[in-house]
Every structure is written in C-alpha cells, then in structure tokens.
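> everything below, folded, please.
(one chain, ligands or ions: 1)
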Amino acid sequence: MNRKDCKCFREHVHPYQYIRGIPPGPSSLQLLYGDVLSISMKTTIVLLGPPGAGKGTQGEKLTDEFGYVRLSTGDMLREAVRNGTELGKKAKEYMDAGALVPNDLIIGLMKEKIKEVNGGVLLDGFPRTVEQADALGEVMKVDLALNFDVPDEELISRLTQRRSCPDCNAVYHLVTKKPKQDGICDKCGGKLYQRDDDKESTVKNRLEVYHKNTQPLIDYYEKKGVLVTIPSTGSIDEIFEKVKKAIQ
Ligand code: AP5
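Model (predicted):
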C-alpha cells in the first residue's frame, strides 16, 4: 500500500495510535512508546543541516521505521509550485534562485501544519532562520535538534546526482541509492526527476545561503541543550544507526 493511502498518514496520527485505538492527544505518543516499545523517544525533532546533508533520507527512514510524521517545508513548497497555488507562485522565484522563501510565508504555513499533528514529528527544513526558530518555540518545545554535518564538496556531488519522486517525495542518488528500475520510484512507481535547484550553480548559492542564515541555528539549539551533531559522511545505514541512538 502506498503510504499516502494509509489513514494514519493522511490524518497525521501515529500508526500505533490506530493499532491500539488510542485517541490523538499531545501526550499519547509518549504513553504509547512507554507502553508498547518500552523506550522513551524524542517527540519533536528538528532536522538541521545544509542542502544535501541527508535530512530527507534519514527523515524518510525514521518515518518508515518509527512512524514519525515528517513535515518538510521543501516538499510542501514544491507541491504548491506544481499546483500553482498563491503560495507556490510567491515561492517559486526564491526557490529557483536557491534563496530562502520569506519568513512570513513559511511561518504561517508551518504553524498551520504543526497544529494538525499528534505525536512524533520531524521538522525537515524548518526552522531555517533564527526568526523561524523563535516562532517555532512559541508553539512547540523542541526535544532534539539533529545536525547532519557534511563538507560542502560532498554536498555538491550528492545534490547534482540526486533524483526525486514528485509523487511520494522519496529521494534517490544515481550512485549511492539507485532505484531498482532506472528513473522509476521503488515506493510508488512515480517518474523520477531532477529538481531545478539541484543544478550546480544553484546548489552553490543554496550552500552560501545555508552558511549565512541557517548555520547560526547550530549555536541556537546548542544553547538550549538539545543539539546532537552527527558526522554524516558514512553510508546511509551507518548514519541511521547514529540517528537511532540520538532519538532514544
Ligand atoms: P529543501 O527541499 O528543504 O532543500 P534543502 O534543505 O536544501 O535540503 P535538500 O532536500 O536539498 O537535502 P537533504 O538534506 O534533505 O538531503 P537528501 O536526503 O535529499 O528546500 C528547498 C528550497 O525551499 C530552499 O532552497 C528554499 O528556497 C525553500 N525553503 C524550504 N524550507 C524553507 C524555510 N524553512 N524557509 C525558507 N525557505 C525554505 O540527500 C541528498 C542526496 O544525497 C540524495 O540523492 C541522497 O540519496 C544522497 N545521500 C543522502 N545521504 C547520503 C550518504 N550518507 N551518502 C551518500 N549519499 C547520500
């Protein structure tokens, strides 16, 4: 079954809540993990790191294995652009240039989405500025900020060889994570494409924007005592092992 067909996925409710018949509520995930898995896991996790660091890749694995809901601002914005919504029209020129979409558009969007979530949530690509982080802090306590640390040279090669699925947002790589069938998504059969902002010149600009605007969030979350930095140049599975330790 495609994840999008799953009721819990559509309604942003943790799958175990359905299985156990536990009603949605702010503390139900913690109760549930204590009850079913006998471990306590971090509930609200910010995925930090430069473009191509593996936020989406590791986020997808956390969602598949533990049922976290992943809210990716990049995925939401690309969908808005594809659907030609007002948000999409306003965001497109910034995204094409590798620049940040203005804070007011992003903060409004994320506050709405966060309200809909019950249980464990991964924030992928948000916050990206100190202003966004302050706005998030007003509505939600962050339990863990996972900082994926990768040198710029490797990021350029990862991004220029990335292929993405427009239908389920799965990500692949021409060398390190090939789909079983060339050009076709393993998960949903969608036709893979190269993102416009994954061309080399735009990637370089995205990295500059990251260092200037988003890197300060590493200090921001370190001061709050919730930062864990994961050196992220090994294989996807090796990195996932470190991620699993950090969330427990
Ligand atoms: P967004 O979509 O969030 O892009 P990003 O942050 O630049 O992150 P990416 O999706 O490029 O990388 P990733 O870290 O998820 O890496 P992935 O797992 O895919 O944002 C796009 C745009 O939207 C922004 O530029 C901006 O305009 C706008 N925007 C979004 N959020 C915003 C916000 N909050 N405020 C303002 N504007 C916002 O991996 C990359 C590749 O590497 C893949 O091919 C993968 O298979 C491969 N890979 C992953 N791990 C490994 C590994 N360990 N070894 C080898 N290859 C690997």
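
> so where do the strands sit in the protein?
Taking DSSP state E as the criterion, the chain contains strands spanning 44-48, 69-72, 121-124, 144-149, 162-164, 171-173, 227-231.

> what's the angle between the first one and strand 227-231?
I take that to be strand 44-48. Orientation of strand 44-48 against strand 227-231 (axes from the mean of the first three to the mean of the last three Cα atoms, to 10 degrees) gives an angle of 40 degrees.

> re the thing from before, can I get the strands of the chain in TSV including mean neighbour count and distance to Q58?
Bear in mind the C-beta positions are built from the backbone N, C-alpha and C, glycine included. Converted to TSV, the strands of the chain look like this (neighbours: other Cβ atoms under 10 Å; distance: least, Cβ to Cβ, whole Å):
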stretch	mean neighbour count	distance to Q58
strand 44-48	25	7
strand 69-72	21	10
strand 121-124	25	9
strand 144-149	22	7
strand 162-164	21	14
strand 171-173	19	11
strand 227-231	17	9
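
> can you name the residue of the protein nearest to the ligand?
With distances taken as Cβ to the nearest ligand atom, the chain approaches the ligand most closely at G74, which sits 1.9 Å away.

> count the residues that sit near the closest residue to that residue other than its chain neighbours.
Using Cβ to Cβ, 6 or more residues apart in numbering and skipping residues adjacent in sequence, the residue nearest G74 is G125, 4.8 Å away. By the other Cβ atoms under 10 Å criterion, the neighbourhood of G125 contains 24 residues.

> is it true that G125 touches T73?
Yes. Between G125 and T73 there is a contact at 4.3 Å, judged by Cβ atoms under 8 Å.

> on that earlier part again, can you list phi and psi of the residue nearest to G74 for me?
As for G125, its main-chain torsions (degrees, to the nearest 10) stand at phi 90, psi 10.

> enumerate every residue touching it.
With contacts defined as Cβ atoms under 8 Å, 6 or more residues apart in numbering, the neighbours of G125 are 47, 55, 72-74.

> let's see that with 10 Å instead.
If you count contacts by Cβ atoms under 10 Å, 6 or more residues apart in numbering, G125 has them with 46-49, 51, 55-56, 59, 70-77, 106, 110, 214.

> still on that earlier bit, what's the overlap in contacts for G125 and T73?
With contacts taken as Cβ under 10 Å, 6+ apart, the residues that reach both G125 and T73 are 106, 110.

> so where's the chain uncertain?
Counting by pLDDT under 70, the low-confidence segments of the chain come to 1-40.

> please repeat the previous calculation with a cut-off of 90.
With pLDDT under 90 as the threshold, the chain has low-confidence stretches at 1-42, 115, 117-119, 201.

> hey, what's the spatially most central residue of the chain bridged with?
With distances taken as Cα atoms, centre = their mean, the residue of the chain nearest its centroid is D124 (2.5 Å). According to DSSP bridges, the partner residues bridging D124 are L47, S72.

> how many neighbouring residues does the nearest residue in space to N213 that is not next to it in sequence have?
Nearest residue to N213 in three dimensions, chain neighbours excluded: T129, at 5.2 Å (Cβ to Cβ, 6+ apart). Residues lying near T129 (other Cβ under 10 Å) number 20.

> ok, now which ones touch T129?
100, 102-103, 106-107, 135, 212-214, 216-217, 220.

> again, only using 8 Å
When contacts are counted by Cβ under 8 Å, 6+ apart, T129 is found next to 100, 103, 213-214, 217.

> which of the residues you listed come close to the ligand?
The subset of these lying close to the ligand, counting by Cβ under 6 Å from any ligand atom, consists of L100.
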